[in-house]
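Q: What would the 3D arrangement of this be:
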Amino acid sequence: MIATGPALRAVGLRKTFDDTVALDGIDLDVEAGSVFALLGPNGAGKTTTVQILSTLIRADAGEVLVAGHDAVREPDAVRHVIGVTGQSVAVDNLLTGEENLTLMADLNHLARAEGRRRTSDLLERLDLVEESRRPAATYSGGLRRRLDLAMTLMGDPQIIFLDEPTSGLDPRSRRTVWRIVRDLVAEGVTIFLTTHYLEEADQLADRVALLDHGRLIAEGTPDELKRRIPGGHIRLEFADPQALDAAARALPGSSTDEDALTLQVPSEAGIGSLRALLDRLDGIEVERFSIHTPDLDDVFLALTGRTEQGGEPL
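A: Got it, this is the predicted structure:
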């Protein structure tokens with residue numbers, strides 16, 4: 001039997017649908033009070049993983065512990081400590097925001113006074129007070145997502161599964177959800193996140209795992225993963241072709257774009273590298289420069305050969 005410890009642990013998870021292998025023996029460890037992001041192309045197995053970990057479906061093989069409870073032997077105990085916000089918002093459009101939360105309080109068997117207290121607290125916490133008396137059908141996508149998350153929080157879960165929580169939201173609404181996630185983690189809640197937005201994982205996740213064709217192909221902190229990928233460079237822009245040509249001679253191995261009057265120089269892209277590079281130019285005037293370091297998009301593309309949206313290799 002696998003030992004307890006992390007908020008969530010999976011060993012050797014396998015799942016097949018007909019002839020399709022969705023998960024091919026993956027292992028996961030998620031520390032309590034952290035954000036763990038699972039990334040992967042469309043069809044990689046992210047949603048299947050969430051469904052197994054949250055007891056919605058069973059794995060064909062492997063073991064899962066959630067807050068120390070075996071997901072197969074103790075599914076009710078697991079459901080008692082988790083919350084799930086899926087890709088589809090699960091609100092009742094005919095009810096107001098307040099009524100949706102009151103319904104969730106009843107489903108969680110809260111006493112009436114406690115349900116009212118939790119409803120009031122969650123409306124305040126997720127900035128839904130002004131909209132609370134309006135039918136959910138009138139809510140924007142961002143408001144509906146926040147209401148859905150408030151409903152998930154009604155049960156005061158220790159672990160929350162967020163499956164593509166900001167899909168389709170505008171940038172402001174997305175950042176509002178990020179703020180809520182950070183607040184939850186600060187209170188000790190564990191977040192298991194799947195997302196197509198690699199910036200989201202970079203902003204929120206303590207650890208990131210990359211899933212492809214049902215297998216984990218990389219795991220680490222965002223910085224650890226980015227350090228695995230070459231591609232850091234400094235981009236220099238010049239005012240005239242003469243300065244560009246002089247710089248290209250001074251910096252062999254760089255890439256020249258004569259139309260844009262720019263030079264791309266491979267580099268670790270740190271301040272020390274920039275200072276050494278400018279010293280080598282020896283009086284050649286640089287009009288402007290920019291520093292590029294690999295991001296999670298680069299990691300994703302390098303390791304899967306796909307864009308973050310699951311498209312063909314670039």
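
Q: hey, let's count contacts and neighbours off CA atoms from now on
A: Will do.

Q: Break down the stretch 201-314 of the chain into its helices, ranges please.
A: 222-227, 241-250, 271-281, 296-304 (DSSP state H, counting those that start in this stretch).

Q: Was I right to think Thr262 contacts Asp245?
A: No - using CA atoms under 8 Å, Thr262 is not in contact with Asp245; the gap is 10.0 Å.

Q: Which of these two has more residues huddled nearby?
A: When Thr262 and Asp245 are compared for neighbours, Thr262 comes out ahead with 25 against 17, by other CA atoms under 10 Å.

Q: contacting residues for the more buried one?
A: Residues counted as contacts of Thr262 (CA atoms under 8 Å, 6 or more residues apart in numbering) are 235-238, 244, 256.

Q: swap in Asn100?
A: By CA under 8 Å, 6+ apart, Asn100 lies in contact with 91-92, 151.

Q: Which stretches in the chain count as strands?
A: For the chain, applying DSSP state E gives strands covering 8-17, 20-30, 35-39, 61-66, 69-70, 82-85, 159-163, 190-194, 207-212, 215-220, 233-237, 255-257, 262-266, 288-292.

Q: just to revisit the earlier point, wait, which of the contacts of Thr262 is closest to Pro294?
A: Using CA to CA, Arg235 is the member of the contacts of Thr262 that lies nearest Pro294, at 13.7 Å.

Q: Check the burial of that closest one by counting its neighbours.
A: Using other CA under 10 Å, Arg235 is surrounded by 20 other residues.

Q: Name the nearest residue to it, ignoring sequence neighbours.
A: Of all residues not flanking Arg235 in the chain, Gln264 sits nearest, at 4.5 Å (CA to CA, 6 or more residues apart in numbering).

Q: now the one you found: how far from Leu244?
A: According to CA to CA, to the nearest Å, Gln264 and Leu244 sit 11 Å apart.

Q: One more: Pro266?
A: From Pro266 across to Leu244, the span is 16 Å (CA to CA).

Q: before we move on, what about Leu216?
A: Taking CA to CA, one finds Leu216 at 44 Å from Leu244.

Q: try Arg179
A: For Arg179, the distance to Leu244 - CA to CA - is 44 Å.

Q: now Tyr139
A: Distance, Tyr139 to Leu244, using CA to CA: 54 Å.

Q: and these two? which has more neighbours close in?
A: Neighbour count, other CA under 10 Å: between Tyr139 and Leu244, Leu244 has more, with 23 against 16.
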